[in-house]
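Asks: everything below, folded, please.
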Amino acid sequence: MKEEIFKSYDIRATYPTDINERVAYEIGKSYGSYLQEFCQVKKCVTGHDNRLSSESLYENMIKGILESGCNVIDYGLITTPMHYYTRYLNHTYGIMVTASHNPKEDNGFKFSFDEYANARGQMITDFKNYTLQKKFQQGNGMREKREVKEQYLQYMKDNIQMGPRKIKVVIDPGNGVTTTIVKDCMNLFPNIETIYICDENDGSFPNHHPDPAVEENLTLLKQKVQETHADLGIAYDGDGDRIGIVDENAHYIPADLLLIIAARDLMPKVQKKIVLYDVKCTKAIEDELKKLHATPYIERTGTSFTECTTKQKKIPLGGELSGHIFFNDRGVEICSAIYDGLRFLEILSKTEEPFSHLLNGISHYLSTPEIKIPSPNDQKFQVIEKIKEYVQQKNYPCLQIDGVRVMWENGWALIRASNTGPNITLRFEAKTEEFLNQIQKEFTDLIHQENP
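Replies: This is a model prediction of the structure:
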């Protein structure tokens, strides 16, 4: 088993070269053993997405869990948010076979060791070291198969409060596992008129890459919104925890701007006026929160960190640029793209304004997309340390919770080591094109100097 398959908040790699049935069995046996040895837990919940390799990996993973002596509550084919809900229902931890938004060739595992979120940071390191030692428990666990669909639908229905306006929306599940549940969710609300594309359950993702945070993957959605004169277009990633939205003009709305729309709706209604967002997000959020007399809370990138901090600190709204948005104001303790989409439809259903107008009056910044510069895993963190030294010498104000985010009044620069691949990731934002080009050149040149 290669150490490289263990990422900062999950296990993920290419099938069958780096993750295969043997690896799945060992991960299962390790997970079941680890729960018993370090968490004093003898049962877990399991599920899998619809990738072509998921079912085979799943069966081998469960075999390993059972042979560790840990009991399994098996929910089969479900979205990742549904898996989170089964953890909540059973008051226990769980493991899911999924590679989220990765290419169809990949697969992996998301898993938990506490009630807050998926394993993250040091938890992953500890589990990796334990797994590689292969000193597992032995036993004969019991397997119980259950369904969660009806409870999940009721949970959705109880937590959405649609207004009077009838809305036409185009839904693109991207052929991912949300195809198995999204129509039932939308049918709960009579004033939502839905049009579906890419809605066949097909883990080969034949129509486009299953990541709605990348605008080029929304081409079909944009076309259908224009063709049908819909009020909105919504897309989900492969396992259902990332959302992408285009407005009535088929313009892509990045997730950090979606957070502004959510904050404008939510902050006047909650006592704790805090919004959490990751270091990649626009400064326009901070500007808007000042107008709302709310407090910004910047967190490191990674949905596990976002979700954990949002829950621990009881923050009503959290999210990140990658498309994870976490509403935490109604007791919905799961990060679900379908639920997020319904919340934005709810907001729209209570106004006659088009969706694009919900961003009127925000601060406008010019920004780059994420820029990835290849850097070996054993070198990228050393490069970031060099950047930190440079920033300190320049006396630039900065955050160092996740790489370096250098902050000026009229913009910022982010330089961080990727958590999921051999890359250094950069993003820049500024009020003017001149300043944007200036800071981008300054730090890109520095990266190439330190990362030959």
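
Asks: quick check: which ranges of the chain have low pLDDT?
Replies: Along the chain, segments meeting pLDDT under 70 span 332.

Asks: host element of the nearest residue to Glu200 once chain neighbours are set aside?
Replies: Using C-beta to C-beta, 6 or more residues apart in numbering and skipping the chain neighbours, the partner closest in space to Glu200 is Asn175 (5.8 Å). Every C-beta, even on glycine, is put in place using the N, C-alpha and C of the backbone. Per DSSP states H and E, Asn175 falls between elements, in no helix or strand.

Asks: contact partners for Asn175?
Replies: 198-207, 210 (C-beta atoms under 8 Å, 6 or more residues apart in numbering).

Asks: now, the most widely separated pair of those residues?
Replies: Asp199 and Ser204 (14.6 Å; C-beta to C-beta).

Asks: which one's more surrounded, the two?
Replies: The neighbour count for Asp199 versus Ser204, taken as other C-beta atoms under 10 Å, is higher for Asp199 (19 against 11).

Asks: need the contact list for the more buried one.
Replies: Counted by C-beta under 8 Å, 6+ apart, Asp199 has contacts 171-173, 175, 179, 182-183.

Asks: what number of residues lie near Ser8?
Replies: Residue crowding around Ser8 was assessed by other C-beta under 10 Å; the count is 18.

Asks: nope, Pro452 is what I meant
Replies: Residues lying near Pro452 (other C-beta under 10 Å) number 5.

Asks: go on, Glu352?
Replies: 7.

Asks: ok so it is a helix residue?
Replies: No - checked against DSSP: H, G, I helix; E, B strand; the rest coil, Glu352 lies outside a helix; its state is coil.

Asks: how close does it sit to Gly163?
Replies: 10 Å (C-beta to C-beta, to the nearest Å).

Asks: let me see the backbone angles for the residue nearest to Glu429 when sequence neighbours are not counted.
Replies: Excluding the flanking residues, the one nearest Glu429 by C-beta to C-beta, 6+ apart is Ser367, at 4.1 Å. Backbone torsions for Ser367, taken as degrees, to the nearest 10, come to phi -140, psi 150.

Asks: measure Ser367 to Tyr75 for me?
Replies: From Ser367 to Tyr75 the distance is 40 Å (C-beta to C-beta).

Asks: go on, Lys168?
Replies: 33 Å.

Asks: which of these two has more neighbours?
Replies: Between Lys168 and Tyr75, counted using other C-beta under 10 Å, the more crowded position is Tyr75 (24 against 15).

Asks: for the more buried one, give me its contacts.
Replies: 45-47, 82-83, 86, 145-148.

Asks: strands - which of those land there?
Replies: 45-47, 145 (DSSP state E).

Asks: just among those, which is most surrounded?
Replies: Using other C-beta under 10 Å as the neighbour criterion, Gly47 leads the ones in strands among the contacts of Tyr75 with 28 neighbours.

Asks: ok, now which ones touch that residue?
Replies: Here Gly47 is in contact with 75-78, 80, 82-83, 86, 94, 96-97 (C-beta under 8 Å, 6+ apart).

Asks: rewinding a little: check contacts around the residue nearest to Glu429.
Replies: 282, 427-430, 436.

Asks: any quick ChimeraX command for the buried ones out of those residues?
Replies: This is the ChimeraX syntax for the buried subset of the contacts of Ser367, where burial follows 16 or more other C-beta atoms under 10 Å:
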select :282,427,428,429,430,436
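
Asks: from the contacts of Ser367, which ones fall inside strands?
Replies: Counting by DSSP E, the contacts of Ser367 contribute 427-430 to strands.

Asks: and those, which two are furthest apart?
Replies: Maximum pairwise distance in these, criterion C-beta to C-beta, is 11.3 Å, between Arg427 and Ala430.

Asks: just to revisit the earlier point, got the ones in strands among the contacts of Tyr75 as CSV, with distance to Asp106 columns?
Replies: Below are the ones in strands among the contacts of Tyr75 laid out as CSV (distance: C-beta to C-beta, whole Å):
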residue, distance to Asp106
Val45, 23
Thr46, 19
Gly47, 18
Lys145, 27
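
Asks: and which of these is nearest to Gln312?
Replies: Among those, Val45 lies closest to Gln312 (C-beta to C-beta), at 21.6 Å.

Asks: and that closest one, what is it in contact with?
Replies: Applying C-beta under 8 Å, 6+ apart, the residues contacting Val45 are 72-73, 75, 83, 86-87, 90, 92-94.

Asks: what about the closest residue in space to it that isn't next to it in sequence, how many neighbours?
Replies: Among residues not flanking Val45 along the chain, Gly94 sits closest, at 3.7 Å (C-beta to C-beta, 6+ apart). For Gly94, the count of nearby residues is 23 (other C-beta under 10 Å).

Asks: just confirm Gly94 is within a strand.
Replies: Yes - counting by three-state DSSP, Gly94 falls inside a strand.

Asks: hmm, back to that, what two of the contacts of Asp199 are the furthest from one another?
Replies: Maximum pairwise distance in the contacts of Asp199, criterion C-beta to C-beta, is 13.9 Å, between Asn175 and Lys183.

Asks: which of the contacts of Gly47 count as buried?
Replies: Buried by 16+ other C-beta under 10 Å: 75, 77-78, 80, 82-83, 86, 94, 96-97, out of the contacts of Gly47.

Asks: and those, which of them are in helices?
Replies: Judged by DSSP state H, helices contain the following of the buried ones among the contacts of Gly47: 80, 82-83, 86.

Asks: helix, strand or coil for Val72?
Replies: Per three-state DSSP, the local secondary structure of Val72 is strand.

Asks: and it, what is it in contact with?
Replies: By C-beta under 8 Å, 6+ apart, Val72 lies in contact with 43-46, 62, 65-66, 141-144.

Asks: hang on, the earlier thing: what's the spacing between the residue nearest to Glu200 and Gly238?
Replies: According to C-beta to C-beta, Asn175 and Gly238 sit 8 Å apart.

Asks: who touches both of the two?
Replies: Any residue near both Asn175 and Gly238 by C-beta under 8 Å, 6+ apart counts here, and that gives 203, 205, 210.
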